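Q: Pasting the sequence and the predicted model now:
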Amino acid sequence: RGNLDQTIHFYLNFIQNELQTKLHQDISLTHAYEIVANIYYKKRFLTQSLLYYSHNKNEFENISNLHFEKCHLDKTLNYFEKFLYKQLKSQSKSDESIGDVYEIIGNISLEKFDYDKALINYLNLLEIKSFEKSPDDYSLINIYKSLGHIYLKKNLLNKSLFYFNRSNDCQLKETKIFDENIYSIIGNIYLKKHYAIDISFHLNENNLNEFYLERKYFQDNLFYFENFLEKFNENCLLKVFSLEQIYLIIAHILLEKQEYFRSLTYFHQLINCQQNNFSLLNIYIIIAKIYYQQKFFSQSLHYYRQSLILSKQIQPTNHLLIKKLEHHIRQIIIPNI
């Protein structure tokens, strides 16, 4: 990795010097851009390192080099977009070499934090690389992971889950072993979904989503985290998540599987151990909605009232939430006939 960093900085400095007297089309610059492209291709992801160095300047002796590299991203991107345009005019859109250019542009876009452009290029890359391959072909695993990370950055959590689960398919087919790093990400996505819940949340929202997760993925995720919980209780597993977090993850997986009463078991246990009042408010709302959908109106009324009491305590200025909770309570007490 160090050699690649040194090489890329050398060529970027070379490009800067050459541009003072030459045009972008000069043969020496073309060669330099091609080398830079190959380095980006090999390094795959610089986004995290860029973010890390920007927050920890002491870890990088010459931070100006980093800024220098970033100032050249636009020029590098512009070059390869033009190169891609020429390639598309002269070659088949499914050509493997075009896929490599899509990946380069996607990686540069990630460094620029342009997730929309990165997404477009990675989807194009997937279309080329997956041609005549099964969805769980191991050669696709890094593309799936990249798409999962991009959708996560865009806060499109269901789509992110889909691609991380796809990468797990590739992993299991190749090694028969779960990728714990990916499941750690999946677990954190479910936690993020929990904290994003509000009063407008619908129980069947995920299942009606246009990017519907395959039921197999729900089952795989449930199996992993139930096994995680069992080993957690036996103190045999590194505690990546707290017990409370594991309950939340399993509860939300069951919720998406529409196994509402099983999910209630975990949500009820969480009430007694919940330390975060904002999380507790979401739990009350979820429980109230489950009971209402299943026509247990007395229980639903109880938890809507608990939600209202807690919301007035922790979010007294959130008048919209309070108003909607009061509406749900009235709807149960005096239903529309």
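A: Ah, there it is. Numbering: from 1, shown residues only.
Q: host element of residue 188?
A: For residue 188, the host element (DSSP states H and E) is helix 180-196.
Q: and what of residue 271?
A: Per DSSP H and E: helix 260-273 holds residue 271.
Q: Next SSE downstream of that helix?
A: helix 277-293.
Q: what packs against that next one?
A: On a contact count with 3 or more CB pairs under 8 Å, 6 or more residues apart in numbering; DSSP states H and E, helix 277-293 meets helix 180-196, helix 243-256, helix 260-273, helix 297-314, helix 319-333. To be clear about C-beta, it is placed using only N, CA and C from the backbone, and glycine gets the same treatment.
Q: before we move on, the earlier item: the helix holding residue 188 vs helix 243-256, what angle?
A: Our comparison of helix 180-196 with helix 243-256, counting by axes from the mean of the first three to the mean of the last three CA atoms, to 10 degrees, yields an angle of 80 degrees.
Q: what angle separates helix 180-196 from helix 260-273?
A: Going by the same axes, to 10 degrees, helix 180-196 makes 80 degrees with helix 260-273.
Q: Now stretch 87-100: buried residues?
A: 87, 98, 99, 100 (16 or more other CB atoms under 10 Å).
Q: Can I get those in JSON lines including secondary structure?
A: Formatted as JSON lines, the buried residues of stretch 87-100 follow (DSSP: H, G, I helix; E, B strand; the rest coil):
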{"residue": "87", "secondary structure": "helix"}
{"residue": "98", "secondary structure": "helix"}
{"residue": "99", "secondary structure": "helix"}
{"residue": "100", "secondary structure": "helix"}
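Q: okay, now the domains of the protein?
A: 160-258, 274-336 (the TED database).
Q: Those domains into CSV, with extra columns for distance to residue 13 and mean pLDDT?
A: Shown next, in CSV, are the domains of the chain (distance: least, CB to CB, whole Å; pLDDT from 0 to 100):
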stretch, distance to residue 13, mean pLDDT
domain 160-258, 35, 83
domain 274-336, 49, 93
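Q: Same list, those, but as JSON lines with distance to residue 122 and mean neighbour count please.
A: Below are the domains of the chain laid out as JSON lines (distance: least, CB to CB, whole Å; neighbours: other CB atoms under 10 Å):
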{"stretch": "domain 160-258", "distance to residue 122": "10", "mean neighbour count": "17"}
{"stretch": "domain 274-336", "distance to residue 122": "32", "mean neighbour count": "16"}
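Q: Next up, identify which helix or strand the most centrally placed residue in the chain is on.
A: The centroid of the chain falls nearest to residue 152 when counting by CA atoms, centre = their mean (2.3 Å). Taking DSSP H and E as the criterion, residue 152 maps to helix 141-153.
Q: Tell me the helix or strand right after that helix.
A: Counting by DSSP H and E, the next helix or strand C-terminal to helix 141-153 is helix 157-175.
Q: Only C-alpha atoms, please: export that following helix in CSV.
A: The C-alpha coordinates for helix 157-175 follow below in CSV (Å, rounded to 0.1, in the frame of the first residue of the first chain):
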residue,chain,number,x,y,z
LEU,A,157,-30.7,1.2,4.1
ASN,A,158,-32.8,-1.4,2.4
LYS,A,159,-30.8,-1.2,-0.7
SER,A,160,-27.6,-1.3,1.3
LEU,A,161,-28.8,-4.4,3.1
PHE,A,162,-29.6,-6.1,-0.2
TYR,A,163,-26.1,-5.8,-1.5
PHE,A,164,-24.4,-6.7,1.7
ASN,A,165,-26.6,-9.8,1.8
ARG,A,166,-25.6,-10.5,-1.8
SER,A,167,-22.0,-10.3,-0.8
ASN,A,168,-22.7,-12.9,1.9
ASP,A,169,-24.1,-15.2,-0.7
CYS,A,170,-20.8,-15.1,-2.6
GLN,A,171,-18.9,-15.6,0.6
LEU,A,172,-20.9,-18.6,1.8
LYS,A,173,-20.8,-20.2,-1.6
GLU,A,174,-17.0,-19.9,-1.8
THR,A,175,-15.9,-20.5,1.8
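Q: Before I go, just wanted to say thanks for your time.
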